[in-house]
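Student: What follows is a protein structure lacking sequence information:
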């Protein structure tokens, strides 16, 4: 491999294992687990042990670390490590969710006793895991896997925003009575969420509803130009139906971000609102930031024609 090709791979976070020390490994792990796995799969036993110890010390609650810790076998360090980081690559592979290659790779993890046990332990030990972890558990369908899945199911029953992940993995599930009952409750929860949807209610009030889903994306800039922008996503099928982000060029790109359920970041001290109060919130935000929303320059997605005109009239009704 040429020096130029090697440098290009390094910039992509793909290091040959012989060049990976503990510091580099931690940096790669912070980048993403896939690059970490690619660059550490051929390490010698002594380096593997040091890297795993550093991960456990610094990121002990991370599900990938919990998985690696459980999958590692001190009696076969290099072999077990290669299998473990190979599974991490498969967890983060970019194959389409419903594709045969995706299913094959997740099934292979479910059929490996050590990797399956590591998936179960990581799922129990972390409050949130990638959907792939849950898919491995429902592919296996055993009582132990069901026990590992139950905390995530229980949290989803209390927080409907978490139901989407469980619905997503349902296509992988073994046909067992226990899993059938679980996903029946997931579907009921999703129907309940839909019936309580503020987005669908708004669409009905405005006379622009169409079917059982309403969604729209709005991007609008503030005038004078170059200082402020606002992005809004409304989707009745999402766990959080409303997502709003305002970015300014003042200071170090200050931002306010929130959903219909919670505030995520509020550098601009704009506060948050629920969907019904969004027009008034936009007007207050514009006044505080000393801008006017450029309605003529709005870019949109999902909604068009007369329905879009009606929605925009509602959205900017309070803005000057």
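Tutor: All right, it came through fine. In this text the structure is predicted, and so the values were computed from the model without any measurement.
Student: need the helices for the stretch 51-200 of the chain, in chain order.
Tutor: Remark: helices assigned in the stretch 51-200 of the chain by DSSP state H, counting those that start in this stretch are 63-71, 77-91, 100-110, 113-125, 131-140, 143-158, 163-169, 177-195, 198-206.
Student: Can you say which of those is nearest to residue 216?
Tutor: helix 198-206 (8.7 Å; Cβ to Cβ). C-beta coordinates here come from the backbone N, C-alpha and C atoms, glycine included.
Student: Would you mark the buried spots in the closest one?
Tutor: Buried residues in helix 198-206, counted by 16 or more other Cβ atoms under 10 Å: 198, 199, 200, 201, 202, 203.
Student: same check, this time on stretch 309-320
Tutor: 311, 312, 315, 316, 319.
Student: Contact partners for the last one?
Tutor: This means residue 319. Going by Cβ atoms under 8 Å, 6 or more residues apart in numbering, residue 319 touches 279, 282, 283, 286, 292, 293, 295.
Student: Contacts made by stretch 256-266 with the rest, please.
Tutor: Contacts for stretch 256-266 (Cβ under 8 Å, 6+ apart): 161, 198, 240-246, 255, 267-275, 285.
Student: Pull out the buried residues from it.
Tutor: 256, 257, 258, 259, 260.
Student: do stretch 143-156 as well
Tutor: 145, 146, 148, 149, 152, 153, 156.
Student: hang on, isn't the fourth one packed against residue 119?
Tutor: No: applying Cβ atoms under 8 Å as the test, residue 149 and residue 119 come out as separate, 10.5 Å apart.
Student: quick one: pLDDT of the closest residue to residue 140 other than its chain neighbours?
Tutor: In this structure, residue 140 finds its nearest non-sequential neighbour in residue 110, 4.4 Å apart by Cβ to Cβ, 6 or more residues apart in numbering. For residue 110, the pLDDT comes out at 97.
Student: now residue 244, what's its secondary structure?
Tutor: strand (DSSP: H, G, I helix; E, B strand; the rest coil).
Student: And the pLDDT at it?
Tutor: 96.
Student: Contact partners for it?
Tutor: 230, 231, 232, 233, 256, 257, 258, 259, 272, 278, 281.
Student: Out of these, which comes closest to residue 45?
Tutor: residue 257 (44.4 Å).
Student: What about the contacts of residue 244, which are in strands?
Tutor: Among these, the subset assigned to strands under DSSP state E consists of 230, 231, 232, 233, 256, 257, 258, 259.
Student: how close does the second one get to residue 270?
Tutor: Just to be clear, that refers to residue 231. Distance, residue 231 to residue 270, using Cβ to Cβ, to the nearest Å: 14 Å.
Student: on that earlier part again, what's the closest of the buried residues of stretch 256-266 to residue 141?
Tutor: Of these, the one sitting nearest to residue 141 (Cβ to Cβ) turns out to be residue 259, at 33.4 Å.
Student: State the pLDDT value of the residue nearest to that closest one when sequence neighbours are not counted.
Tutor: Excluding its sequence neighbours, the residue lying closest to residue 259 (Cβ to Cβ, 6+ apart) is residue 240, at 3.8 Å. Note on residue 240: pLDDT of 82.
Student: Quickly find the element holding residue 240.
Tutor: Assigned by DSSP states H and E, residue 240 falls within no helix or strand.
Student: how many other residues sit next to residue 100?
Tutor: Using other Cβ atoms under 10 Å, the number of residues around residue 100 comes to 9.
Student: for residue 125, same thing?
Tutor: 19.
Student: Then residue 80?
Tutor: 19.
Student: Separate out the buried members of the contacts of stretch 256-266.
Tutor: 161, 198, 241-246, 267-268, 270, 272-273, 275, 285.
Student: gap between residue 74 and residue 176?
Tutor: In terms of Cβ to Cβ, residue 74 sits 35 Å off from residue 176.
Student: higher neighbour count, these two?
Tutor: residue 176 (14 against 10).
Student: what's the spacing between the more buried one and residue 122?
Tutor: 22 Å.
Student: Which residue, other than its chain neighbours, is closest to the residue minimising distance to the centre of the chain?
Tutor: Residue closest to the average C-alpha location in the chain (Cα atoms, centre = their mean): residue 130, at 7.8 Å. Of all residues not flanking residue 130 in the chain, residue 91 sits nearest, at 5.6 Å (Cβ to Cβ, 6+ apart).
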